[in-house]
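>>> task: produce atomic coordinates for the following.
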Amino acid sequence: MLSEIKAKLLIVDDLPENLLALEALIKREDRQVFKALSADEALSLLLEHEFAMAILDVQMPGMNGFELAEMMRGTEKTKNIPIVFVSAAGRELNYAFKGYESGAVDFLHKPLDIHAVKSKVNVFVDLYRQRKAMKQQVEELERSRQEQEALLRELKSTQNELEHAIRMRDDFMSIVSHEVRTPLNGLILETQLRKLHLAKDNSSAFTMDKLKAMVERDERQIQSLIRLIEDMLDVSRIRTGKLSIRTSAFDLAELVVNLVESYAAQIAAAESVVTLHASEPVIGVWDEFRIEQVLANLLTNALRYGAHKPIEVRVYSAGNEARVEVKDQGIGISAENQKRIFQQFERVSASHAVNGLGLGLFISDQIVAAHSGTISVESEEGSGSTFRVSLPL
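Just a heads-up that it's a prediction; the model follows:
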């Protein structure tokens, strides 16, 4: 999450009381403020830390704020740090213009407007966190790409493995091309429609209600793409044996309660009702994120195939095991299909095809197996299904 990225802020002023006042104004738990009484002291900190922004006093003995900013802009490590100047000098000295020439992004006059300072700092901290998060995502995608390349090199070691990889690739790309096209087509059509309205100066197409509906449609399409990408990344990790499991103690019952609450909108959209039985804590040591991923997939499937009928979710312990059951009253699964639904790219049946790559149960099975647990299904066609996850306590 963006809020987990700690931002470092640098403030430079030759008066200690000014530093303390400004620190009190901008400091928060998710930020770390560094203070410097001179430009030389600031340069040492700049070389040691990565800052989200720097607030520089203009008038300082020795090297002033403008000179410090110019040095920052000439150094690779610090050239992209946003700089905000503050000064007690009158506006007639035209310091603001000189500040922008030195590479500043903003200029504030003393006495400082408290709300303006807080607002500007919040903006730059948010931008910093977004850049950091995007960089992490790019690095993760690059790592995944490298993992896939390593997998391909291994598959080429024998002709049989190569032929198997080609078959898998063809199946995979066929499904991906279909599934990715659906949300992309929706986004493209929405964009073209908006461009048409703009070209015709049709402002009535952009009322608040219509804009809200547009954003909601965009979010649904984007979330569909994100789910597809996350599934593909997880399959890549599973194939290379790099599916990460980070365990900690937590209450499985509490996790399920929170999960069902978060699915209120999806449950309403599916015209269903979920009854939850989780009266007692079930404490164990598992990967909370991965187990939630498994249970979210089971609940999503129950809503998809549940024929708008009630769904039951039960959490309990039995002996040395924790168990979660998700029971629907939907279309059910034939005995033949029960044998293959935990394989890649498999779905219940062609007549009940839904969006997705057919990877959810495969990934869930691998996650549960990594916890030395089991996932099973009891079902008959037309009589609903019960999926049970068993995990060692």
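>>> need the next SSE after the helix or strand harbouring Ser44, C-terminal direction.
Per DSSP states H and E, Ser44 falls inside helix 39-48. Using DSSP H and E, the helix or strand that follows helix 39-48 towards the C-terminus is strand 53-57.
>>> what does that next one rub up against?
Here strand 53-57 makes contact (C-beta atoms under 8 Å, 6 or more residues apart in numbering) with 9-15, 18, 22, 26, 42, 46, 65, 68-69, 72, 81-87, 121, 124-125, 128. Every residue, glycine included, has its C-beta placed from N, CA and C.
>>> same thing but 6 Å
9-13, 65, 68, 81-86, 124 (C-beta atoms under 6 Å, 6 or more residues apart in numbering).
>>> of the residues you listed, which belong to strands?
The strands, defined by DSSP state E, take in 9-12, 83-86 from these.
>>> next, format these as TSV and append neighbour count and pLDDT.
Shown next, in TSV, are those (neighbours: other C-beta atoms under 10 Å; pLDDT from 0 to 100):
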residue	neighbour count	pLDDT
Leu9	23	93
Leu10	23	93
Ile11	25	92
Val12	27	92
Ile83	26	88
Val84	19	88
Phe85	25	86
Val86	24	85
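>>> show me the two of the residues you listed that sit farthest apart.
Pairwise distances across the ones in strands among the contacts of strand 53-57 peak at 14.8 Å for Leu9 and Phe85 (criterion: C-beta to C-beta).
>>> any low-confidence regions in the chain?
Low-confidence regions of the chain, defined by pLDDT under 70, span residues 1-3, 89-103, 161-162, 164-165, 168-182, 344-358.
>>> now, which of the ones in strands among the contacts of strand 53-57 sits nearest Val324?
Leu9 (44.3 Å).
>>> re the thing from before, can you redo the ones in strands among the contacts of strand 53-57 as a markdown table with distance to Met232?
Shown next, in a markdown table, are these (distance: C-beta to C-beta, whole Å):
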| residue | distance to Met232 |
| --- | --- |
| Leu9 | 38 |
| Leu10 | 40 |
| Ile11 | 44 |
| Val12 | 47 |
| Ile83 | 41 |
| Val84 | 42 |
| Phe85 | 47 |
| Val86 | 48 |
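>>> out of these, which is nearest to Pro310?
Of all the ones in strands among the contacts of strand 53-57, Pro310 sits closest to Leu9, with 52.5 Å by C-beta to C-beta.
>>> apart from its neighbours in sequence, what residue is nearest the closest one?
Once flanking residues are discounted, Leu9 sits nearest to Val33: 5.0 Å by C-beta to C-beta, 6 or more residues apart in numbering.
>>> the one you found touches Lys27, doesn't it?
Yes: counting by C-beta atoms under 6 Å, Lys27 is a contact partner of Val33 at 5.0 Å.
>>> so those two - more neighbours on which side?
Per other C-beta atoms under 10 Å, whichever of Val33 and Lys27 has more neighbours is Val33, with 18 against 14.
>>> got the angle between the host helix or strand of that one and helix 39-48?
Using DSSP H and E, Val33 maps to strand 31-36. Counting by axes from the mean of the first three to the mean of the last three C-alpha atoms, to 10 degrees, strand 31-36 lies at 140 degrees to helix 39-48.
>>> in strand 31-36, which residues are buried?
By neighbour count with 16 or more other C-beta atoms under 10 Å, strand 31-36 contains the buried residues 33-36.
>>> please apply the same query to stretch 121-129.
Neighbour-count burial for stretch 121-129 [16+ other C-beta under 10 Å]: 121, 124-125, 128-129.
>>> returning to that earlier point: now the helix holding Ser44, how far from the chain's geometric center?
Distance of helix 39-48 from the chain centroid (C-alpha atoms, centre = their mean, to the nearest Å) equals 34 Å.
>>> which residues does that helix contact?
12, 34, 36, 63, 68, 78.
>>> repeat that for stretch 266-277.
Residues outside stretch 266-277 that contact it (C-beta under 6 Å, 6+ apart): 260, 303, 306, 308, 310-314.
>>> mind redoing it with 7 Å?
Here stretch 266-277 makes contact (C-beta atoms under 7 Å, 6 or more residues apart in numbering) with 257, 260, 303, 306, 308-315.
>>> closest to Arg237 out of the residues you listed?
When those are compared against Arg237 (criterion: C-beta to C-beta), the nearest one is Leu303, at 26.3 Å.
>>> please tell me how far that closest one sits from Ile267.
Separation of Leu303 from Ile267 (C-beta to C-beta, to the nearest Å): 7 Å.
>>> which neighbouring elements make contact with whichever strand or helix holds Arg237?
Using DSSP H and E, Arg237 falls within helix 208-239. Applying 3 or more C-beta pairs under 7 Å, 6 or more residues apart in numbering; DSSP states H and E, one finds that helix 208-239 makes contact with helix 114-155, helix 159-199, helix 360-370.
>>> nearest residue to Asp282 other than its sequence neighbours?
Actually, residue 282 is Val. It isn't Asp. The shortest distance from Val282 to any non-neighbouring residue, by C-beta to C-beta, 6+ apart, is to Leu252 (4.2 Å).
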